[in-house]
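1. Starting from these lines, generate the structure:
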Amino acid sequence: MAGLTLASPSAERGVYSPWRETWRRFSRHKLAVVSAFLLLILILAVVIGPFIWRVSINDIDIVAGMQGPSLAHPFGTDDLGQDILARMIYGGRISLAVGLAAMLVSVFIGTLVGALAGMSRGALGHGLMWLTDLFLSLPQLPLLLLLIYLFRDGLKQVFGPEGGIFILIVLVIGGLRWMPVARLVRAQFLSIREKEFVEAARALGASPVRQVVKHILPNALGPVIIAGTIDVAAAIIAESTLSFLGLGFPPDTPTWGRLLYDAKDFLDIGPHWALFPGGAIFITVVAINFIGDGLRDALDARRVI
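-> Residues are numbered from 1 along each chain as shown. Okay, the predicted model is just below:
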């Protein structure tokens, strides 16, 4: 009939957006969405918490020592009467910052090594993968403890007690977590560099650097993002382990791991002291792992959701 217009199929489907499609696929993973919500709450709590809960982390009240959760102290107090909620908010910023910073270090090193190995067709690639396998074969926890023990005092003198330990822990954890990222990036580069669009760019005279930056690396970021989320959780656990063993931050810096270390001798009379920081570590690590699962499903174009 005259006057009627038919909508095009593209108009009916809407404009395609890679980010919208990624979000659609991610939102289908219910545990990942719930985990992202919980992680966002934790981040907001440690960022804006000090402006709402204005109790000092160093206030001592011996009379109120080892009290359970109450209105005055929602998470209870420790043996010195210090508020556990205030100390968890302060320590949460350090634990999350260590996890994110160590992840950035490991992703940067792993991406650099993997890209060089993936683009090299000679001895360089084999040598870098031999180095990666060598680092993978090292016992990480004993090596981590050894490096912390050797360089802790020197960095403390240069950057201060907190700054030196923060830099050392981030560099050591990140420097021992880059190998899986390097293997993933190398595998992606070996596959993508043979694709038609990369061959076309090479035929048009694109330099190797331009091929990597413009064509190969953007298409290899999916597995890197997933590995990065896993590295955040692993770094938080590593920092908590070091603090629990007494090799992390100073005693007056209440990271979540340090709170567990301080609470280990009072589990029979004050289980709340260990329950809340342990629960925060557990929720954070599990949430990050589920977010990684959701990102894996969302970024894998071969997976039908």
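2. burial measure for Thr132, as a count.
-> Per other Cβ atoms under 10 Å, the neighbour tally for Thr132 reads 21. C-beta coordinates here come from the backbone N, C-alpha and C atoms, glycine included.
3. name the helices or strands packed onto the helix or strand it falls within?
-> Here Thr132 sits within helix 123-137, counting by DSSP states H and E. Packing partners of helix 123-137 (3 or more Cβ pairs under 8 Å, 6 or more residues apart in numbering; DSSP states H and E): helix 84-119, helix 179-192.
4. Show me what the following helix or strand past that helix is packed up against.
-> The first helix or strand that comes after helix 123-137 along the chain, using DSSP H and E, is helix 140-159. If contacts are counted by 3+ Cβ pairs under 8 Å, 6+ apart, helix 140-159 sits against helix 161-175, helix 221-244.
5. How about residues contacting the first one?
-> Pointing back at helix 161-175 there. When contacts are defined by Cβ atoms under 8 Å, 6 or more residues apart in numbering, helix 161-175 is touched by residues 94, 97-98, 101-106, 109, 144, 147-148, 151-152, 154-159, 231, 234-235, 238-239, 242, 248-250, 253.
6. picking that back up, now the angle from the helix holding Thr132 to helix 161-175?
-> Counting by axes from the mean of the first three to the mean of the last three Cα atoms, to 10 degrees, helix 123-137 lies at 120 degrees to helix 161-175.
7. Pull out the buried residues from helix 123-137.
-> Buried residues in helix 123-137, counting neighbours by 16 or more other Cβ atoms under 10 Å, are found at Gly125, Leu128, Met129, Thr132, Phe135.
8. now stretch 202-211
-> Going by 16+ other Cβ under 10 Å, stretch 202-211 has these buried residues: Ala206, Gln211.
9. how far is that stretch from where the chain is centred?
-> Counting by Cα atoms, centre = their mean, to the nearest Å, stretch 202-211 is centred 33 Å from the centre of its parent chain.
10. Contacts for it next, please.
-> Residues outside stretch 202-211 that contact it (Cβ under 8 Å, 6+ apart): Met119, Arg193, Val198, Ala201, Lys214, His215.
11. So for it, mean pLDDT?
-> Summarised as a single mean, pLDDT over stretch 202-211 is 85.
12. Next: stretch 49-64.
-> Across stretch 49-64, pLDDT averages out at 87.
13. Please spell out which residues along that stretch are buried.
-> Neighbour counts using 16+ other Cβ under 10 Å place Gly49, Pro50, Ile57, Ala64 of stretch 49-64 among the buried residues.
14. Secondary structure and distance to Leu85 added to the residues you listed, as TSV?
-> Compiled in TSV, these are given as follows (DSSP: H, G, I helix; E, B strand; the rest coil; distance: Cβ to Cβ, whole Å):
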residue	secondary structure	distance to Leu85
Gly49	helix	8
Pro50	helix	11
Ile57	coil	10
Ala64	helix	13
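15. Can you lay out the contacts of stretch 202-211 as JSON lines showing distance to Ile281?
-> Converted to JSON lines, those look like this (distance: Cβ to Cβ, whole Å):
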{"residue": "Met119", "distance to Ile281": "39"}
{"residue": "Arg193", "distance to Ile281": "40"}
{"residue": "Val198", "distance to Ile281": "43"}
{"residue": "Ala201", "distance to Ile281": "46"}
{"residue": "Lys214", "distance to Ile281": "40"}
{"residue": "His215", "distance to Ile281": "40"}
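16. Adding neighbour count and distance to Ile165, write those residues out as CSV.
-> Listed next are the contacts of stretch 202-211 as CSV, based on neighbours: other Cβ atoms under 10 Å; distance: Cβ to Cβ, whole Å:
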residue, neighbour count, distance to Ile165
Met119, 18, 37
Arg193, 19, 41
Val198, 19, 44
Ala201, 17, 46
Lys214, 13, 40
His215, 19, 41
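17. between those residues, which is closest to Pro74?
-> Nearest to Pro74 among the contacts of stretch 202-211, counting by Cβ to Cβ, is Lys214 at 51.9 Å.
18. orientation of the helix holding Thr132 relative to helix 179-192 in degrees?
-> Going by the same axes, to 10 degrees, helix 123-137 makes 150 degrees with helix 179-192.
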